[in-house]
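>>> Would you be able to build a 3D model of this:
(2 chains)
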Amino acid sequence: MKTFSQGIHPKYSKGKTRGKAIQELPAPQRVVIPLHQHTGAACEPLVKVGDQVFEGQKIGETSKFISAPVHASISGLVKKIEPMPHPCGTDVMSVVIEAAPVANSGLPAKSYDSLAELSPDKIRKIVREAGIVGLGGAAFPTHVKLTPPEGKKIDTILVNGCECEPYITADHRLMLEKTEEIIFGARAAAMATGAQRIIIGIENNKKDAIERMKSVVRKQRDFQSAVIVLKTKYPQGGEKMLVKAVLNREVPSQGLPLDVGVVVINVGTAAAIMEAITRGSPLTKRVVTVTGPGIKEPKNLLVRVGTTFKDVIDQCGGLTETANKVIMGGPMMGISQYSQDVPVVKATSCILVLTKKQMIEEKVYPCIKCSRCVDHCPVFLLPSRLAAFSEKAKYGQFEDWGGADCIECGCCAYVCPAKIQIVQWIKLAKLKLRQMR
Amino acid sequence: MNYLIAPSPHQKASLTVPGMMLLVIFALLPAAIAGFIFFGLRALGLILVCVATAVATEYLINKIMKKEATIFDWSAVVTGLLLALSVSPSLPYYAAILGSIFAIAIGKQLFGGLGYNIFNPALIGRAFLAAAFPVHITSYVAPFFWRGVEAVSSATPLASMKFQQQLTPYGKLLVGNIAGCVGETSALLLLLGGLFLLWKKVIGWRIPVSYLGTAALFGGVFWLIDPAKYPDPIFHLLAGGLMLGAWFMATDLVTTPLTKKGMLVFGVGAGILVVVIRLFSGLPEGVMYSILIMNALVPLINRYTRPRILGRAK
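Below is the predicted model:
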C-alpha cells in the first residue's frame, strides 16, 4: 500500500460520526460572514448596513487574483459591517445578516448540465464567482489552482480524500453520499487545467468510501481515472505527502504541486465545483463534523457559512458538563477558540470539543535530544534544532537548517516526550522571517 | 464560560521524559540485581550510595542555582545507577561518592542540566574515578555470590585476555559469574534490558547494532590475522563493558546524534575505537573512552548527516 516516509499514527477517534449521514442544519436567524475566509487578499464589502440581501448574493469582492468572493448564506438584512471575532483568532471585518423576508431573490444563476459546453476559462470563472476555496482546511482559492502559469503542464488532478486528521469524518461522508458530484467536480478541474487523468487518494480506514468511489470511477469514461488506497497515517492528506505517496513526485521546496504537474483538490472542493456548475450555487454551505467527547450528540452537518459555533453545537445537544476546549479543525492542526460566538467559515471542517480528560500533561522538560521529532518529521527536518534556533531568535540558522520547509503538521510536538511546543516555535520563526522581509 | 486556549496539537503521545527515565531504570534492574547476586551487599551498597549521592548533588545544585528541583525527572537516578554499574565492586564508598558528585556537578549541571550536557555524565564520573583512583578502578574481585564473605581479587576476562592470552568461556560471559564491574558482567541480562528499551522505543536500533556490529567485525579482522594473539568477535561482544555501553550509554539520548545516519556514524566510530583501545593501548577496556570521544563529535556528526529535506536537491 502506498504511503510517505515517517509521520505518526495518532488515535483516530472517528467512530462516533463515521456512520452518521450528513444532515442539513436549518438556516439560523443570524449569520456572521467574515470578508476574509481564505488565503490571499481580503474582500471589500459590496453591501451597506440596512441593505436587503438574498441567499447566494455576492457581498464581498476584490480585484486581487489570489482571493475569493464571499456570499450571503441566508436572505435578510445587513445589520452591521464591522470587525468580529474570527475562528483563526483575530477580529476580521464581517457582514452580519439577520434573517428577514426579502422581496428580491435575485436572478437564478446560470447553470450547466454537462461539461461539454464549457471552456477552461469558463470553468475557472464559475469557480471564482462561486467563491470556492480549498475546503480541506487551508482555504486556498481554487480558481488560482486551476490556472496553471504559462509553461507549467498539468497532467494529473489528485483528489484528496485522505482526511488524516483524527475525529473528522466530513470528507468521508461526502465520498459516500456525493460520490458522483465529487467525480464531476474533478472532471471540471481536469478540463480547466488540461490534465489527462484523475486520481482519488483515500486512506484505507475508509473502506466503504473506497468501494463507493471505485464503483463510480469505473463508469467514468472521458478521463483516465483511478482510486489509490493509501496507508492510514498522519499527515497523509498534506499535499506534499499525497503527491509523494501517489505519484512518487517531490513537490520542490517552497514550490507547489503544480511545479510537478499536479493539482490537488479536496473532495469537498470538488463537490463544491459541481454545485457551482450544475446548480449555479455559490459556496455558502459546507459539511462540518461536530464531534469530540465534549459534544453530547456528535454529527456531520451541512452548515451555512456564518452560522455561529453556538448555533451548530446547540443542534448537537450542546456541550457536556466536562467540555473545556472548543477547537476549529482537528486535534493536530486545529485552533482552540475563546468563545462559541465565532462563525463557521469556509475552512471549518470540524468543530471539535474536548474535555479535561484529553488534557495533555503540560509540564515542559528540556529537550533531551531523543530524536523522536526527527524520526517522524514527514519533510525530514530536525525540528528540535529548529525550535531551539527559534527560541534563541537565531533566524539565520533557522533558515540554513531548512525551517521554511516546515509544513506545520505538528508531528514533532505530538511525539515530543519533553512536551515542547516544537511546531509553534517553528511557526513563530517563520512568521518573524516573513515580517523581516 | 472560559475555554482552555492552547496551541495545537491538542492530542499528543503519552510518553514523557520521566517516563523514559523510569523505563531505562527498569531495564537496568536485571543487571543490577545480578550485580548484587554476584558481588553481594557491596554491590548493592555501591548502587545505593551512587544513586543517593547523584540525586542529592542534583538537588543541592538546583537549590544553589535557585532553580526548580529536577530530581523528579529521574535522570539523576539513571546517572547514579549507571555509574554504580560501571565501577568495580571493590571501589571504596568515598570514591563512589566523589565520582557521583563529579558526574552530576561537572558532567551534567555545569553544562546546564538535563539535555544540555555534551558527555555522558555517568562516564564523566567514571573517567574522573579512573584518573583519581587508578588502582581502585582497575582492581576487580571474583564473584563470590551473595553468600560469600571474603572477596578474592581476580582479573577481568579482558585483562586475562590482554595480559595472559587467556579466554573466558562464553557461557560465563553470558551469565556474568566473572570478575568485572558491578553491572557489566552479565551480557545476557544487559541484552535483555536493551531489547526491552528497543521494544518500548526508548532507544533506536541504529547505535547499539552499529556499535556492536563494528566492534565484532573490526575485532574479527584482527582475530583472523592472528587468532592466537587477538580475541574472537564473540569474545569482544560478551566481555567487558561493551553490552552495558552499547545498550545503555552509547544510546544516551542527550549525548548522541539526532539523525539516523549520524547514529550509524556514532556507532561505527565507537566500535572502531573500542577495538583499537582494547587491542593496542595500555588499557584492557575501551568502552568508556570510545563513547566519550564520540560524544565530543556529536555536534559535527549532526551537522554533516542532516537528512535531505523533501523536495530539495540531493
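>>> So for stretch B:37-57, what gets flagged as buried?
Using 16 or more other CB atoms under 10 Å in any protein chain shown as the test for burial, stretch B:37-57 gives B:37-40, B:42-51, B:53-57. C-beta coordinates here come from the backbone N, C-alpha and C atoms, glycine included.
>>> now it, how far from the centre of its chain.
16 Å (CA atoms, centre = their mean, to the nearest Å).
>>> could you list every residue that touches residue B:56?
Residue B:56 makes no contacts at all, as judged by CB atoms under 8 Å, 6 or more residues apart in numbering or on different chains.
>>> From residue B:48, how far off is it?
Distance of residue B:56 to residue B:48, computed by CB to CB, to the nearest Å: 12 Å.
>>> anything in contact with each of these two?
Counting by CB under 8 Å, 6+ apart, nothing touches both residue B:56 and residue B:48.
>>> So which residue is smack in the middle of chain B?
residue B:249 (3.1 Å; CA atoms, centre = their mean).
>>> so what pLDDT did it get?
Note on residue B:249: pLDDT of 94.
>>> hang on, the earlier thing: where helices are concerned, which of the buried residues of stretch B:37-57 count?
With DSSP state H as the criterion, helices contain B:37-40, B:42-51, B:53-57 from among those.
>>> Give me the contact list for stretch B:121-134.
Taking CB under 8 Å, 6+ apart as the rule, stretch B:121-134 contacts B:78-80, B:82-83, B:86-87, B:91-92, B:95, B:98-100, B:102-104, B:106-108, B:136-137, B:249, B:288-289, B:291-292, B:295.
>>> Next to chain A, which bits of the stretch 201-314 of chain B? Give me the list.
By CB under 8 Å from any CB of the partner chain, the part of the stretch 201-314 of chain B that sits against chain A consists of B:204, B:253-260, B:263, B:302, B:306-312.
>>> Please list all residues in contact with the residue nearest to the centre of chain B.
Contacts of residue B:249 (CB under 8 Å, 6+ apart): B:82, B:86, B:120, B:122, B:123, B:287, B:291.
>>> wait, isn't the second one in contact with residue B:185?
So the one you mean is residue B:86. No: Residue B:86 lies out of contact with residue B:185 (CB atoms under 8 Å); the separation is 11.2 Å.
>>> Compare those two (neighbour count), which wins?
Per other CB atoms under 10 Å in any protein chain shown, whichever of residue B:86 and residue B:185 has more neighbours is residue B:185, with 34 against 27.
>>> ok, for the more buried one, nearest residue in space, not its chain neighbours?
Setting aside the residues directly before and after it, residue B:185 is nearest to residue B:176 in space (CB to CB, 6 or more residues apart in numbering or on different chains), at 3.6 Å.
>>> In this structure that neighbour contacts residue B:192, no?
No: using CB under 8 Å, residue B:176 is not in contact with residue B:192; the gap is 11.7 Å.
>>> Settle it for me: which of the two has more neighbours?
Comparing residue B:176 with residue B:192 by other CB under 10 Å, the one with more neighbours is residue B:176, at 23 against 14.
>>> and the gap between whatever residue of chain B ends up closest to chain A and residue B:281?
Nearest residue of chain B to chain A, counting by CB to the nearest CB: residue B:115, 3.4 Å away. Distance of residue B:115 to residue B:281, computed by CB to CB: 32 Å.
>>> So which of those two has more stuff around it?
residue B:115 (20 against 12).
>>> which SS class is the more buried one?
Here residue B:115 is coil, with the state taken from DSSP: H, G, I helix; E, B strand; the rest coil.
>>> got a list of what it touches?
Contacts of residue B:115 (CB under 8 Å, 6+ apart): A:365, A:366, A:367, A:368, A:369, A:418, B:254.
>>> Please list the residues of the stretch 151-300 of chain A that sit near chain B.
Residues of the stretch 151-300 of chain A lying near chain B (CB under 8 Å from any CB): A:166, A:240, A:244, A:250, A:251, A:252, A:253, A:255.
>>> Show me which of these are buried.
Here, 16+ other CB under 10 Å leaves A:166, A:240, A:244, A:250, A:251, A:252 buried among these.
>>> Tally up the residues packed near residue 125, please.
Answering for chain A, as no chain was given. Neighbour tally, residue A:125, other CB under 10 Å: 14.
>>> could you do chain B instead?
Neighbours of residue B:125 (other CB under 10 Å): 32.
>>> So which residues of the chain form helices?
Here I'm looking at chain A. A:15-18, A:120-129, A:142-145, A:170-177, A:179-193, A:207-219, A:239-247, A:267-278, A:309-314, A:372-376, A:383-391, A:395-400, A:411-415, A:422-436.
>>> Sorry, I should have been clearer: chain B.
With DSSP H as the criterion, chain B has helices spanning B:17-64, B:75-85, B:93-105, B:121-132, B:134-138, B:157-164, B:170-175, B:187-199, B:206-225, B:233-238, B:242-244, B:260-280, B:287-304.
>>> Can you tell me which of these has the worst average pLDDT?
helix B:157-164 (a mean of 78).
>>> What are the buried residues along that helix?
Quick answer for helix B:157-164 (16+ other CB under 10 Å): B:157, B:158, B:159, B:160, B:161, B:162.
>>> Save those as CSV, and put in distance to residue A:323 too.
Output for the buried residues of helix B:157-164, formatted as CSV (distance: CB to CB, whole Å):
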residue, distance to residue A:323
B:157, 63
B:158, 63
B:159, 67
B:160, 69
B:161, 67
B:162, 68
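>>> from the residues you listed, which single one is nearest residue A:122?
Among the buried residues of helix B:157-164, residue B:158 lies closest to residue A:122 (CB to CB), at 81.9 Å.
>>> related to what we said a few turns ago, among the residues of the stretch 201-314 of chain B next to chain A, name the buried ones.
Buried among those (16+ other CB under 10 Å): B:204, B:253-260, B:263, B:302, B:306-307, B:309-311.
>>> Right, I'll call it a day here.
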